[in-house]
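K.L.:
I would like the atomic coordinates for the input below:
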Amino acid sequence: MSVLHGWLVRNTAKFPNPQRVLELVEAGLVQFPSLQVTLVPDGTSDSAMCINGTLPVVFHGNTFNIPVEFSLPPMFPEHSPMAYVRPTAAMMIRGGKHVDGSGRVFHPYLASWSWGSTLGELFECLIAAFSLEPP
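P.N.:
Have a look, this model is predicted:
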């Protein structure tokens with residue numbers, strides 16, 4: 001058993017459906033190795049776990065690594081993750097159709113989140129959206 005898998009098994013136990021959370025998170029991290037998972041300290045957020053890192057976005061033939069954060073609420077996967085663009089100090093957010101000025105991401109995939117939704121598909125949808133309109 002890998003160290004990450006063991007950590008995920010221990011830390012997904014607090015979710016209502018830990019096996020489904022484990023499957024979703026592991027699959028998303030395998031599909032997008034530029035992302036990593038962390039815990040959120042209790043009492044500081046509505047989130048129980050975060051996935052952060054970068055998503056590779058191709059815009060006009062150039063690849064940009066967009067810094068993102070996905071907050072998994074305590075009722076995940078019954079409730080959708082919250083998604084944010086988290087720019088570095090040298091970056092700024094350009095609001096648009098899918099991202100507001102604070103970095104909060106809005107996308108139909110998040111709005112229609114269901115039991116069959118996956119983090120990998122969410123990441124792919126955001127890459128596609130950001131390729132058309134970078135945040």
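K.L.:
where does the protein have low pLDDT?
P.N.:
Residue ranges of the chain with pLDDT under 70: 1, 41-47.
K.L.:
would you map the helices across it?
P.N.:
For the chain, helices defined by DSSP state H occupy the ranges 3-11, 18-31, 108-111, 119-132.
K.L.:
and these as a markdown table, adding mean neighbour count and distance to Arg86?
P.N.:
Heads up, the C-betas are built off the backbone N, CA and C, glycines and all. What follows is the helices of the chain, written out as a markdown table (neighbours: other Cβ atoms under 10 Å; distance: least, Cβ to Cβ, whole Å):
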| stretch | mean neighbour count | distance to Arg86 |
| --- | --- | --- |
| helix 3-11 | 13 | 21 |
| helix 18-31 | 17 | 17 |
| helix 108-111 | 14 | 16 |
| helix 119-132 | 18 | 13 |
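K.L.:
of all those helices, which one is nearest Thr88?
P.N.:
Thr88 lies closest to helix 119-132 among the helices of the chain, at 15.8 Å (Cβ to Cβ).
K.L.:
distance-wise, check the residue positioned nearest the centre of the chain relative to Ala90.
P.N.:
Ranked by distance to the mean C-alpha position of the chain (Cα atoms, centre = their mean), the top residue is Phe70 at 3.1 Å. The gap separating Phe70 from Ala90 is 22 Å, by Cβ to Cβ, to the nearest Å.
K.L.:
again, but for Lys14
P.N.:
36 Å.
K.L.:
more neighbours: these two, which one.
P.N.:
Lys14 (13 against 5; other Cβ atoms under 10 Å).
K.L.:
contacting residues around the nearest residue to the more buried one once chain neighbours are set aside?
P.N.:
Leaving out its chain neighbours, the residue that sits closest to Lys14 by Cβ to Cβ, 6 or more residues apart in numbering is Ala48, at 6.3 Å. When contacts are counted by Cβ atoms under 8 Å, 6 or more residues apart in numbering, Ala48 is found next to Lys14, Phe15, Leu39, Val40, Leu72, Pro73, Pro74, Phe76.
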